[in-house]
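# Okay, here's the prediction I keep looking at, along with the sequence it came from:
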Amino acid sequence: MQVTTIGLDIAKNVFQVHGIDASEKVVVRKQLRRSQVLAFFTALPPCLVGMEACATSHYWARELTKLGHRVRLMPAKDVKAYVKRNKNDAADAEAICEAVRRPTMRFVQIKSVEQQGRLMLHRARDLLMRQRTQVINALRAHLAELGIVAAQGREGIKELLKIIASEQDARLPVDAHASLVVLAAELQAMQTMIGSIEKRIIAQHRSSEASKRLESIPGIGVMGATAIAATVPDPKVFRSGRDMAAWIGLVPRQDSTGGKQKLGPISKQGDRYLRRILVVGACAVLRYARQKPEKYPWLTQLLARKPFKVVAVALANKMARVAWALLAKGGTYRAPGLAPVVAAAA
């Protein structure tokens, strides 16, 4: 019988297939090695293939689409509800096959190779920056053991690097100096690699009209604009800016029942990197608003009533909604008029 729907549970080497026909009868249930997957689907007529959105899923979705199949990616947490009793590969594939046919299921947009490449620049930069912080902390800790302490920030680390570069400093034992020189060289190499990646991101930003429009939003910046443009190439997948903010995880988690609304902390769903960039950008805007309260009167009033981080998340939510509006409707950010806001506050 002809297979109409397949649930494919992907892994590193062993893949599980669960296929049904038009009458929902199971016609194929088998394991495939990685090298057998494309050959198996090449022999099949075009059908609906469901997969969980996880590592390598976008690659397999692109490859199966080239073979004429209709591929749908789903969040793993949404598929979990369809797993019967014990969890194993066969049960997961059956649950995927069931979930992909549900009319209310939410699907994940398949990323292109170019889109994944742009996002890899951000992921690589983020990894290198974390490693740079680890090396700086190690340098400070090792030198503090020898009684050498410097101020926080770039100037402080520059002072420590000068001490390490000097071979005449009697405070550094020979073995300690040899170790610190290696860490200092590693720090310099990381600085160079981060700089080269940032140059590519800036070039990517200058060639993207959407990214340049997103940069006009206060608090977004080049890194935030390129990250949003690469992560959300088609804003129409969201019905509104509220949906995009909820997808990023910048909305309260709900535990409501019986008509009583109970809101908790933010849900922290969606893209963690994108959420962090928006919150950090919002904190920068709030610090500027403290220096010039007349430019952001509504933020000043909110800061007087709410904690700093709560206001930062609220502003990040607004930034996400504005970003969606610019992507979906075009144009650039226009700051609201100050006079009406001040008059309304009075």
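Now that the structure is in, tell me what you want to look at.

# CA only for contacts and neighbour counts going forward, please
Fine.

# Helices along the stretch 151-300 of the chain, start to end?
154-165, 174-206, 209-214, 221-231, 241-248, 272-291, 297-305 (DSSP state H, counting those that start in this stretch).

# Present those as CSV; the columns should include mean pLDDT.
Formatted as CSV, the helices of the stretch 151-300 of the chain follow (pLDDT from 0 to 100):
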stretch, mean pLDDT
helix 154-165, 93
helix 174-206, 95
helix 209-214, 94
helix 221-231, 94
helix 241-248, 93
helix 272-291, 94
helix 297-305, 91
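
# Ile6: which element?
strand 5-9 (DSSP states H and E).

# returning to what we had before: how about the helices of the stretch 151-300 of the chain in JSON lines, adding mean neighbour count?
Listed next are those as JSON lines, based on neighbours: other CA atoms under 10 Å:
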{"stretch": "helix 154-165", "mean neighbour count": "15"}
{"stretch": "helix 174-206", "mean neighbour count": "15"}
{"stretch": "helix 209-214", "mean neighbour count": "21"}
{"stretch": "helix 221-231", "mean neighbour count": "22"}
{"stretch": "helix 241-248", "mean neighbour count": "20"}
{"stretch": "helix 272-291", "mean neighbour count": "18"}
{"stretch": "helix 297-305", "mean neighbour count": "15"}
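
# among these, which is nearest Met74?
Distance to Met74, taken as CA to CA, is lowest for helix 241-248 among the helices of the stretch 151-300 of the chain, at 13.8 Å.

# For the closest one, give me every contacting residue.
238, 251, 268-272, 274-275, 317-318, 320-325 (CA atoms under 8 Å, 6 or more residues apart in numbering).

# For ChimeraX, what selects the buried ones among those?
The buried residues among the contacts of helix 241-248 can be selected in ChimeraX (16 or more other CA atoms under 10 Å) with this line:
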select :251,268,270,274,275,317,318,320,321,322,323,324,325
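
# From Gly270, how far out is Pro235?
15 Å (CA to CA, to the nearest Å).

# go on, Gln291?
33 Å.

# Same check on Arg85?
Taken as CA to CA, the span from Arg85 to Gly270 is 27 Å.

# Next: Leu146.
For Leu146, the distance to Gly270 - CA to CA - is 45 Å.

# what does Glu98 give?
23 Å.

# Phi first, then psi, for Asn18.
I think there's a mix-up here, since residue 18 is His and not Asn. Dihedral pair for His18: phi -130, psi 110, per degrees, to the nearest 10.

# Remind me what the helix or strand where Ile96 lies packs against, helices and strands.
Using DSSP H and E, Ile96 sits in helix 89-99. Secondary-structure packing of helix 89-99 (3 or more CA pairs under 8 Å, 6 or more residues apart in numbering; DSSP states H and E): strand 5-9, strand 14-20, strand 48-52, helix 76-79.

# and the first one, how far out from the chain's middle?
Centre-to-centre, strand 5-9 and its host chain are 27 Å apart (CA atoms, centre = their mean, to the nearest Å).

# what pLDDT, on average, does that strand get?
Mean pLDDT, strand 5-9: 97.

# orientation of it relative to helix 89-99 in degrees?
Angle of strand 5-9 versus helix 89-99, following axes from the mean of the first three to the mean of the last three CA atoms, to 10 degrees, is 140 degrees.

# With the third one instead?
An angle of 120 degrees separates the directions of strand 48-52 and helix 89-99 when computed by the same axes, to 10 degrees.

# what's next to strand 48-52, contact-wise?
4-10, 57, 69-76, 79, 96-97, 100.

# do the longest one as well
With CA under 8 Å, 6+ apart as the contact definition, strand 14-20 has outside contacts at 3-10, 26-34, 37, 89-90, 93-94, 97.

# Take those and, keeping just the buried ones, write it as a ChimeraX select command.
To isolate the buried ones among those in ChimeraX, judged by 16+ other CA under 10 Å, type:
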select :3,4,5,6,7,8,9,10,26,29,31,32,37,89,90,93,94,97
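
# Helices of the stretch 1-150 of the chain, residue ranges please.
Using DSSP H, counting those that start in this stretch, helices in the stretch 1-150 of the chain cover 37-42, 57-66, 76-79, 89-99, 113-145.

# Compare these and give me the one nearest Val313.
helix 113-145 (21.1 Å).

# out of everything not next to it in sequence, what's closest to Arg272?
Ile248 (7.4 Å; CA to CA, 6 or more residues apart in numbering).

# same question but for Val26, I mixed them up
Nearest to Val26 is Ile20, by CA to CA, 6+ apart, at 4.4 Å.

# measure the one you found to Thr104 for me?
Taken as CA to CA, the span from Ile20 to Thr104 is 20 Å.

# quick one, phi/psi of Val310?
phi -70, psi -40.

# for Gly219, same thing?
Dihedral angles (degrees, to the nearest 10) for Gly219: phi 90, psi -10.
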